[in-house]
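Visitor: sequence first, then the predicted structure, then my questions.
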Amino acid sequence: MRRLMLGLLTGAYLCLALIVSLFLWRMGATPAVGVSAFIGTLGLCFAFHGLLGQTVLAAALRGDIDTVREAHAILLDQIEKVDARVSDLVESVAADAQRRTEELSTEVHQLEDLIQRMNDRMEHQLTHQVAAAARNTVGRERAPQTSHMLQVVQDALAENRVDLYLQPIVSLPQRRTVFYESFSRLRDETGRVMMPAEYLAVAEPEGLMTAIDNLLLFRCVQIVRRLAKQDRKVGIFCNISLASLGDESFFPQFLEFMQGNKDLAGAVIFELGQAAFDRRGPVEARHMARLASLGFSFSLDKVSDLDLDFQDLARADVRYLKVGAQMMLDQLEEQDGKLVIASLPDLNATDFAALTRRYGIEVIVEKVEAEKQIVDILDLDIGYGQGHLFGEPRAIRDAVLAEAEPPQDFMRGALRRRAVGW
């Protein structure tokens, strides 16, 4: 179509040029003038055609540009709408994930409380059963159930069926792992992990806690040395029982072992409960002082009363205080427009951590299960946290645990020493 139109226009331009040249020739002009008029008129026509074409093309191009701009604006608008929808979706997913995490943490916390209550009830029942058996079987053999559990514990210790679990302790608010707490768990011959409430009621009266503490300590020392080789400067909280601290036959060997590893004084922290610390006698206090003289420090956990004698704790080289997160938050109350701790009403709650630091004691909030607990805890200037929110206790891999196994006669010797009194 365009070629046909161009041909017709060219023919029209030729006719117009001929008409002009013939007109001039009839008016008496020379042939040369006529030819010049023909060429000039034809050139003007083509020049006019070119200008008109360029104008039409420019107008069409502007129209195309405007169309592209409109399309671009529509595309940007759609992208903004999609981005807004994606942002809403991400926020919705994040909020839902947070809600589900909090619900799961709450359920886990409730389950832990239930298990703890069951353990406490079981421990209470077992303690009463053992006490009743001890009263009713003077001069006779132990009750079959107690004897069976005792045999299971002895076999687990003799055959090294004792697992090491580690749970991270993090700095706040960075949440960088700076410590681990160690736990020992015994397994029976079927591989079932026994809860502490099952065997403590038997192990403590029979003096087996010293063997468990000894094995746990040996493994903690080996794990610390392994981490040191990897340039990971972290410490391990190692539980120690009051029975071990008061055992005159066990403690010298224990102290000798720590004397040979006193270079780890800053990395191994001995931990015992508040009730056990309050019950310590002169022997236990003296043995704690001997460990402190080697550079080792202590931690107090299972704290149920925040009205503590910090001078006494400092004298006993207690450097860490573990307080349950919910217990700490339940202690907070407002009096006269200021936030205080119920058991320390004369002290601002935000000054509690600063008070303990004046005595060289750092507060660790344990059993942290939900993010909403962290918000209030950070306001108290507490430096460390522990709980399922930061990491659950995990068993050390068999390969690593094999490296931390004591010599073959280690547990056999410990059990043989206890057998003397059986």
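Guide: Alright, I've got the coordinates.
Visitor: quick one: buried residues of the helix or strand where Gln154 lies?
Guide: Taking DSSP states H and E as the definition, Gln154 sits inside helix 144-158. Neighbour-count burial for helix 144-158 flags 146, 149-150, 152-154, 156-157 (criterion: 16 or more other C-beta atoms under 10 Å). All C-beta spots, glycine's among them, are computed from the backbone N, C-alpha and C.
Visitor: distance to Phe277 added to those, as JSON lines?
Guide: Output for the buried residues of helix 144-158, formatted as JSON lines (distance: C-beta to C-beta, whole Å):
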{"residue": "Thr146", "distance to Phe277": "29"}
{"residue": "Met149", "distance to Phe277": "28"}
{"residue": "Leu150", "distance to Phe277": "28"}
{"residue": "Val152", "distance to Phe277": "30"}
{"residue": "Val153", "distance to Phe277": "25"}
{"residue": "Gln154", "distance to Phe277": "29"}
{"residue": "Ala156", "distance to Phe277": "28"}
{"residue": "Leu157", "distance to Phe277": "26"}
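Visitor: can you put the residues you listed in TSV and add pLDDT and distance to Thr190?
Guide: What follows is the buried residues of helix 144-158, written out as TSV (pLDDT from 0 to 100; distance: C-beta to C-beta, whole Å):
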residue	pLDDT	distance to Thr190
Thr146	71	19
Met149	79	14
Leu150	81	17
Val152	81	10
Val153	81	14
Gln154	82	16
Ala156	80	11
Leu157	79	16
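Visitor: if we can go back for a sec, run through the neighbouring helices and strands of the helix holding Gln154.
Guide: Counting contacts by 3 or more C-beta pairs under 8 Å, 6 or more residues apart in numbering; DSSP states H and E, helix 144-158 packs against helix 31-136, strand 177-187, helix 196-203, helix 209-229, helix 408-419.
Visitor: rank the ones you listed by pLDDT, which is bottom?
Guide: Among the helices and strands packed on helix 144-158, helix 408-419 carries the lowest mean pLDDT, a mean of 47.
Visitor: related to what we said a few turns ago, what angle sits between the helix holding Gln154 and strand 177-187?
Guide: 130 degrees (axes from the mean of the first three to the mean of the last three C-alpha atoms, to 10 degrees).
Visitor: element containing the residue positioned nearest the centre of the chain, please.
Guide: By C-alpha atoms, centre = their mean, the chain has its centre lying nearest to Phe390, at 2.9 Å. Of the helices and strands defined by DSSP H and E, none includes Phe390.
Visitor: average pLDDT for stretch 241-249?
Guide: 86.
Visitor: now do that stretch: distance from first to last residue.
Guide: End-to-end span of stretch 241-249 (C-alpha to C-alpha, to the nearest Å): 15 Å.
Visitor: that stretch: which residues count as buried?
Guide: By neighbour count with 16+ other C-beta under 10 Å, stretch 241-249 contains the buried residues 241-247.
Visitor: and those residues, which is closest to Arg176?
Guide: Arg176 lies nearest to Ser241 out of those, by C-beta to C-beta, at 30.7 Å.
Visitor: name the nearest residue to that closest one, sequence neighbours excluded.
Guide: Counting by C-beta to C-beta, 6 or more residues apart in numbering, Ser241 lies nearest to Met209, which is 4.3 Å off, once chain neighbours are set aside.
Visitor: and the one you found, what does it touch?
Guide: Residues in contact with Met209, defined by C-beta atoms under 8 Å, 6 or more residues apart in numbering, are 200, 203, 241, 243-244.
Visitor: now with 7 Å, please.
Guide: 203, 241, 243-244 (C-beta atoms under 7 Å, 6 or more residues apart in numbering).
Visitor: just the ones of those in helices?
Guide: 203, 243-244 (DSSP state H).
Visitor: mind putting the residues you listed into a markdown table with distance to Arg3?
Guide: Converted to a markdown table, the ones in helices among the contacts of Met209 look like this (distance: C-beta to C-beta, whole Å):
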| residue | distance to Arg3 |
| --- | --- |
| Ala203 | 106 |
| Ala243 | 110 |
| Ser244 | 107 |
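Visitor: of these, which is the nearest to Phe310?
Guide: Closest approach between the ones in helices among the contacts of Met209 and Phe310, by C-beta to C-beta: Ser244, at 25.2 Å.
Visitor: so the closest one makes contact with Asp213?
Guide: Yes: contact criterion C-beta atoms under 7 Å: Ser244 and Asp213 qualify, at 4.4 Å.
Visitor: still on that earlier bit, relative to the whole chain's centre, how far out is the helix holding Gln154?
Guide: Distance of helix 144-158 from the chain centroid (C-alpha atoms, centre = their mean, to the nearest Å) equals 37 Å.
Visitor: put the alpha carbons of it into PDB.
Guide: What follows is helix 144-158, C-alpha atoms only, in PDB (Å, rounded to 0.1, in the frame of the first residue of the first chain):
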ATOM      1  CA  PRO A 144      14.400 -56.400  94.800                       C
ATOM      2  CA  GLN A 145      13.400 -53.200  92.900                       C
ATOM      3  CA  THR A 146      16.100 -51.100  94.600                       C
ATOM      4  CA  SER A 147      18.700 -53.800  94.100                       C
ATOM      5  CA  HIS A 148      17.800 -54.100  90.400                       C
ATOM      6  CA  MET A 149      18.100 -50.300  89.900                       C
ATOM      7  CA  LEU A 150      21.400 -50.300  91.800                       C
ATOM      8  CA  GLN A 151      22.700 -53.100  89.600                       C
ATOM      9  CA  VAL A 152      21.500 -51.200  86.400                       C
ATOM     10  CA  VAL A 153      23.400 -48.000  87.600                       C
ATOM     11  CA  GLN A 154      26.500 -50.000  88.500                       C
ATOM     12  CA  ASP A 155      26.500 -51.800  85.100                       C
ATOM     13  CA  ALA A 156      26.000 -48.400  83.300                       C
ATOM     14  CA  LEU A 157      29.000 -47.000  85.000                       C
ATOM     15  CA  ALA A 158      31.100 -50.100  84.600                       C
END
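Visitor: next SSE after that helix?
Guide: Next along from helix 144-158, by DSSP H and E: strand 162-171.
Visitor: give the partner strands of that next one in its sheet and their orientations.
Guide: Counting by DSSP bridges, the strands paired with strand 162-171 are strand 177-187 (antiparallel), strand 384-386 (antiparallel), strand 394-395 (antiparallel).
Visitor: what about the closest residue to Tyr320 other than its chain neighbours, neighbour count?
Guide: Take Tyr320 and drop its neighbours on the chain: the residue closest to it by C-beta to C-beta, 6+ apart is Ser299, 3.8 Å away. Around Ser299 there are 22 other residues, counting by other C-beta atoms under 10 Å.
Visitor: thought Ser299 was touching Phe237?
Guide: Yes: using C-beta under 7 Å, Ser299 is in contact with Phe237, at 5.6 Å.
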